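Visitor: this is a predicted model, with the sequence first.
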Amino acid sequence: MPEAVPFNKHFPVSWEELHRNAKALAWRLIDKGPWKGIIAITRGGLVPAAIIARELELRMIDTVCVSSYDHQNQREAMVLKGVEGANAGDGEGWLIIDDLVDTGKTAVVVRKMLPKAHFATVYAKPLGRPLVDTFITEVSQDTWIHFPWDIELQFSQPIAKQHRGA
Ligand SMILES: O=P(O)(O)OC[C@H]1O[C@H](OP(=O)(O)OP(=O)(O)O)[C@H](O)[C@@H]1O
Ligand SMILES: O=c1[nH]c(=O)c2nc[nH]c2[nH]1
Ligand SMILES: [Mg+2]
């Protein structure tokens, strides 16, 4: 798999935008079901998974716990917990939900655990896109998406200054 590029652009996402996009994802998924339940990839997948579970009226929810980034620095994807309680087998009829796919490394690991599950994310970058079955918004590979739980309101540099690298 090709290596990721540096993050030159920033794409902040508000709670409202995330809610709207997660609901858009639920609309795309409703006709592809019925779904037995959701496997959320922690931690980023938890928030969209909750919104999608509410919209699709799914109450069977489990997690796979994967960690691969220290902020913007990628490490090997570490599986801290697999699927345990859900009895999801090979994943047939199950949704895997994550906030985004970037290089696709996390998706590769989780797809191996649940090969027949439907993998859905709110955001996708080009390297990871082929690994996702359904997503809503694509951003370029050199963009860092800032999720609402990771950010707070503060002064932002005018684009012209950012562009000059000031
Ligand atoms: O496609 P990839 O290059 O593997 O990157 C995507 C993964 O990275 C982030 O999770 P992270 O490991 O940062 O953990 P977190 O969800 O707990 O923040 C994000 O939530 C995805 O799960
Ligand atoms: O908050 C995040 N934004 C991103 O763009 C990203 N890519 C991998 N992991 C990520 N986490
Ligand atoms: Mg994650």
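Guide: Ah, there it is. Numbers count the residues shown, from 1 in each chain. Ligands and ions are numbered 1, 2, ... in the order given.

Visitor: list the contacts of the top helix by length along the chain.
Guide: Longest helix in the chain, counting residues (DSSP state H): helix 15-30. Here helix 15-30 makes contact (CB atoms under 8 Å, 6 or more residues apart in numbering) with 13, 35, 47-48, 51-52, 55-56, 95, 118, 120-123, 134-137, 147-148. All C-beta atoms are positioned from the backbone trio N, CA, C, and that covers glycine.

Visitor: filter those residues down to the buried ones and express that as a PyMOL selection.
Guide: Here is the PyMOL command that selects only those of these that count as buried (16 or more other CB atoms under 10 Å):
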select buried, resi 13+35+47+48+51+52+56+95+118+120+121+122+123+135+136+137+147
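
Visitor: return the subset of the contacts of helix 15-30 lying in strands.
Guide: Among these, the members found in strands (DSSP state E) are L95, H118, A120, T121, V122, Y123, T134, F135, I136, T137.

Visitor: relative to ligand 2, which of the residues you listed is nearest.
Guide: Ligand 2 has its nearest neighbour among the ones in strands among the contacts of helix 15-30 in Y123, at 7.5 Å by CB to the nearest ligand atom.

Visitor: how about the residues of this protein by ligand 1?
Guide: Contact residues (CB under 6 Å from any ligand atom) of the chain with ligand 1: 41-44, 67-69, 77, 98-107, 128.
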